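J.: This is the structure alone, sequence omitted:
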């Protein structure tokens, strides 16, 4: 077939024609056709070099810079919010302390025959709460994760109050298994429960997980108390009466005012900030208390649930703050911070005051009812958090049965 004008010859066609041509008109014969071995050797020698693999695309410098800036901002904003609200609380405490006449300490009626559980009752605010409730005649059980500290607190309180109605039971709120074991040991005593104080907590710890894989602030401060309260709820309901309701008191913090609750990231996996995680756990406790009171009221139970704000208190919780803050605290705590006894006063008021009989769903600060953050009154958020919490700790969601 004739070749189309302008078309290139097929590779190898010229070589084939030359190899088959015969000598014409006395010309020299064409060179001999190379054998297969020679062709293979030629191809191997003149094989084109392999192209290098393309390198992965490098991120744009501007994009990398924006990502670093956003990461820094996500850690810096919660930090500033927490320290700002802390400063406001300190100033309020200072004005209160400098008043010419401080209000007298309230006097509560005796609580003989009542039983209380206080988490984290071996030191700080919890210790003062246990001591005062024991002085009022309550049988108080300290729930804590250190046997030595707990037993030492029991001995000291017994010496100071001259009462033997204090004991220690081991309970690690960072372990769902330990919480369930604690409840089993308490039930084995076959005693009532009139007051539950959810006091224990951690603050500004580095990113780490509980035994069950929860972020520690959320897992210990909130989920641990959520499970403990729900497991003890039947006993509380059986112990409360129309004239003497059983009481649940949960210790939150003013940091809840600046907190954001991320239902899609409750474990702070996307961006961890110790200040943001701590504040979120304290907001979760307020939401939990309000939803709990709603359920108790709908159920007609003689149990009330309230949340308290102790203020800025001089305790051991500040061991994870910046060293500069530690120095400032060491120098000024005597003036600006509350003592652990002062910090416990609102908890004791909620647990023993006749004014709080039958009253629930309140946020208490300095023994007075006050307004919590607006977001805490979001009933839809309260329900969603409750439902999600039930899934996390593996209990049935009773709220789904109540309108």
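T.: It's in. In this text, all values refer to a predicted model and were calculated from it rather than measured experimentally. Numbering: from 1, shown residues only.

J.: Spit out the contact partners of residue 338.
T.: Counting by C-beta atoms under 8 Å, 6 or more residues apart in numbering, residue 338 touches 93, 310-314. C-beta coordinates here come from the backbone N, C-alpha and C atoms, glycine included.

J.: Could you give the bridge partners of it?
T.: For residue 338, the beta-bridge partners under DSSP bridges are residue 313.

J.: And it, how close does it get to residue 298?
T.: 36 Å (C-beta to C-beta, to the nearest Å).

J.: Same question for residue 185.
T.: 31 Å.

J.: Same question for residue 312.
T.: Distance, residue 312 to residue 298, by C-beta to C-beta: 36 Å.

J.: more neighbours, the two?
T.: Neighbour totals were compared for residue 312 and residue 298, and residue 312 leads with 23 against 13 (other C-beta atoms under 10 Å).

J.: Nearest residue to residue 225 in space, please, no chain neighbours.
T.: residue 198 (4.0 Å; C-beta to C-beta, 6 or more residues apart in numbering).

J.: which residues sit in contact with the one you found?
T.: Residue 198 neighbours (C-beta under 8 Å, 6+ apart): 119, 225, 228-229, 248-251, 285.

J.: That one pairs with what?
T.: residue 250.

J.: Against residue 333, how distant is it?
T.: In this structure, residue 198 and residue 333 are 25 Å apart, going by C-beta to C-beta.

J.: Kindly report the same for residue 215.
T.: Relative to residue 333, and taking C-beta to C-beta, residue 215 is found at 29 Å.

J.: Pull the contacting residues for residue 163.
T.: By C-beta under 8 Å, 6+ apart, residue 163 lies in contact with 134-135, 137, 157.

J.: which one of those residues is nearest residue 359?
T.: residue 137 (21.8 Å; C-beta to C-beta).

J.: still on that earlier bit, take the contacts of residue 338 and lay them out in JSON lines including pLDDT and distance to residue 384.
T.: Below are these laid out as JSON lines (pLDDT from 0 to 100; distance: C-beta to C-beta, whole Å):
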{"residue": "93", "pLDDT": "93", "distance to residue 384": "34"}
{"residue": "310", "pLDDT": "98", "distance to residue 384": "28"}
{"residue": "311", "pLDDT": "97", "distance to residue 384": "30"}
{"residue": "312", "pLDDT": "96", "distance to residue 384": "31"}
{"residue": "313", "pLDDT": "96", "distance to residue 384": "31"}
{"residue": "314", "pLDDT": "94", "distance to residue 384": "36"}
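
J.: Nice, that's everything, thank you.
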